[in-house]
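Student: okay, structure incoming, though there's no sequence with it:
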């Protein structure tokens, strides 16, 4: 059967929302995506607070971020495959329930181990955006579906931009655990809304490659573990090298396995579609390029002014520095679609990468005042919002309807790995600029980290421009 635009052939199988209007369904899907992303990012601005309240080292508190990415790396592709079949609604509701339970556990003053368990459960939420995208494709009219997919694509940046300042606000005035209680409340609200609004999944059955899921999960988990612990273990230590080699071997074996199995967890042959390959390649490089700036800004503005740079800002002000990112990313969702329609999806991505490079240049050359940092974050929000709005449309246009959840999950996985690489890169660069006997890195460390990000984004621009030049004209 030929596939019509954006999965029209699946509309009958999926059915339309029963009790709610399309507008209500769109609102629930967007709320679900923003909540899941914001909750996953809650730990980032709280590392110092977690270390103090839980009486652990700052390096140990870093695991409140790492464990979320580790669990997400395993959960995302598995949830995506389950979401391509009749288990879609059940998988989505179970994911939201896991996030809610995780927030409650992290909010209990029961010790660091319980908090980490809660953060691990919150990592399941990283698989909800691909599921929301699949629901939008199958359950909404074609034009409404396109607009919704664009909006959902921006929720990663918008969710992070919302999660950081909220976490800082609660931690500053109500204590560390209040941030997670708030996360539990909004997650429970998202769960209730999802129960009422989400349609039944499509009638088709999607076989799940459990072996592939296990091999991929172990490989990606090992890779993320190396990136997270490399600075502490030593990049050339036997432990680091062993885990890295085993992880690469597992991932190589997974590729071979997926190409040979009848029902792969992720059909890697879909990467033969230029739009799908372009979205994943640009998504990876953009993730690595922009993500360091978030932690760099939060750390920079909190650095005491007597160090020679920084503003000595409290955690709530540091979190608010990311609010422009959230607002600009939502604004980008209104611009991305007409931009892509006028020039092409590929050129829209390339132009957005140029905006991201400009944002890093602002931070590199002018960061001595709050307004300069705000300008940099607004440019980041707009650039990444456009990229992440267009990438899902590229993927949805390039895959069959019954592969939407799986293909979007792979894209989410690529971005998660990109975030982890970015986090490790920025942390390693700053560590290199901490002089013996000092606590804070030299100001030049932030400049070097920005230059590394710019180099990655320049590579992303080259890749995006290549796909833009070779893309076939399409008929909308």
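Tutor: Structure's in. What do you need? Every value quoted in this text rests on a predicted model; they were computed, and no experiment measured them.
Student: how about the secondary structure of residue 383?
Tutor: helix (DSSP: H, G, I helix; E, B strand; the rest coil).
Student: other residues contacting stretch 258-273?
Tutor: Applying C-beta atoms under 8 Å, 6 or more residues apart in numbering, the contact partners of stretch 258-273 are 77-78, 80-81, 206-209, 211-213, 216, 255, 257, 276-277, 280, 398-399, 403, 406-407, 409-410. All C-beta spots, glycine's among them, are computed from the backbone N, C-alpha and C.
Student: how about that stretch: buried residues?
Tutor: Judged by neighbour count using 16 or more other C-beta atoms under 10 Å, the buried positions of stretch 258-273 are 258, 264-267, 270-271, 273.
Student: need phi/psi at residue 83.
Tutor: Per-residue torsions, residue 83: phi -70, psi -10 (degrees, to the nearest 10).
Student: tell me, how many residues neighbour it?
Tutor: Look at residue 83: counted by other C-beta atoms under 10 Å, it has 30 neighbours.
Student: please tell me I have it right and it contacts residue 92.
Tutor: Yes: Residue 83 is within contact range of residue 92, at 6.9 Å (criterion: C-beta atoms under 8 Å).
Student: joint contacts of those two?
Tutor: residue 131.
Student: in the stretch 151-300 of the chain, which spans are strands?
Tutor: Counting by DSSP state E, counting those that start in this stretch, one finds no strands in the stretch 151-300 of the chain.
Student: low-confidence stretches in it?
Tutor: 156-157, 160-162, 203-206 (pLDDT under 70).
Student: measure residue 151 to residue 80 for me?
Tutor: 19 Å (C-beta to C-beta, to the nearest Å).
Student: quick one: which of the two has more around it?
Tutor: Taking neighbours as other C-beta under 10 Å, residue 151 and residue 80 compare with residue 80 leading, 29 against 24.
Student: would you check how far apart that one and residue 124 are?
Tutor: For residue 80, the distance to residue 124 - C-beta to C-beta - is 12 Å.
Student: and what of residue 262?
Tutor: 27 Å.
Student: residues in contact with the nearest residue to residue 180 once chain neighbours are set aside?
Tutor: Closest residue to residue 180 apart from its sequence neighbours, by C-beta to C-beta, 6 or more residues apart in numbering: residue 107 at 3.7 Å. With contact taken as C-beta under 8 Å, 6+ apart, residue 107 is in contact with 118, 177-178, 180-181, 183-184.
Student: local confidence estimate at residue 107?
Tutor: pLDDT, residue 107: 91.
Student: ok, residue 7 next?
Tutor: Confidence score, pLDDT, at residue 7: 41.
Student: and for the one 10 residues further on?
Tutor: What the model reports as pLDDT for residue 17 is 42.
Student: returning to what we had before: so which of the contacts of residue 107 belong to helices?
Tutor: Under the assignment DSSP state H, those contribute 118, 177-178, 180-181, 183-184 to helices.
Student: my read: residue 396 touches residue 411, true?
Tutor: No: using C-beta under 8 Å, residue 396 is not in contact with residue 411; the gap is 10.3 Å.
Student: what do the two both touch?
Tutor: Counting by C-beta under 8 Å, 6+ apart, nothing touches both residue 396 and residue 411.
Student: re the thing from before, distance check, the residue nearest to residue 180 against residue 383.
Tutor: Relative to residue 383, and taking C-beta to C-beta, residue 107 is found at 34 Å.
Student: walk me through the domains of the protein.
Tutor: Per the record, the chain has its domains at 5-208+265-470, 209-264, by automatic domain parsing.
Student: okay, now the shortest one: how far is its last residue from its first?
Tutor: Translated: domain 209-264. 6 Å (C-alpha to C-alpha, to the nearest Å).
Student: any idea how far that domain is from the chain center?
Tutor: 20 Å (C-alpha atoms, centre = their mean, to the nearest Å).
Student: just the residues contacting stretch 366-376, thanks.
Tutor: 293, 297, 300-301, 309, 311, 321, 324, 359-360, 362-363, 446.
Student: again with stretch 444-462
Tutor: With C-beta under 8 Å, 6+ apart, stretch 444-462 has contacts from 282, 285-286, 288-290, 292-293, 296, 300, 309, 350, 353-354, 356-357, 360-361, 363-364, 367, 422, 425-426, 429-430, 432-434.
Student: among those, the buried ones, what's the ChimeraX command?
Tutor: Command for ChimeraX that selects the buried part of the contacts of stretch 444-462, burial taken from 16+ other C-beta under 10 Å:
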select :282,285,286,288,289,290,292,293,296,300,309,350,353,356,357,360,361,363,364,367,422,425,426,429,430,433
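Student: list the ones among the contacts of stretch 444-462 that fall in helices.
Tutor: Reading helices off the contacts of stretch 444-462 with DSSP H, I get 282, 285-286, 288-290, 292-293, 296, 300, 350, 353-354, 356-357, 360-361, 363-364, 422, 425-426, 429-430, 432.
Student: show me the shaky parts of the stretch 301-450 of the chain.
Tutor: 402.
Student: contacting residues for the residue nearest to residue 246 when sequence neighbours are not counted?
Tutor: In this structure, residue 246 finds its nearest non-sequential neighbour in residue 222, 6.0 Å apart by C-beta to C-beta, 6+ apart. Going by C-beta under 8 Å, 6+ apart, residue 222 touches 243-244, 246-247, 250.
Student: ok, 6 Å please
Tutor: Shown in contact with residue 222 (C-beta atoms under 6 Å, 6 or more residues apart in numbering): 243, 246-247.
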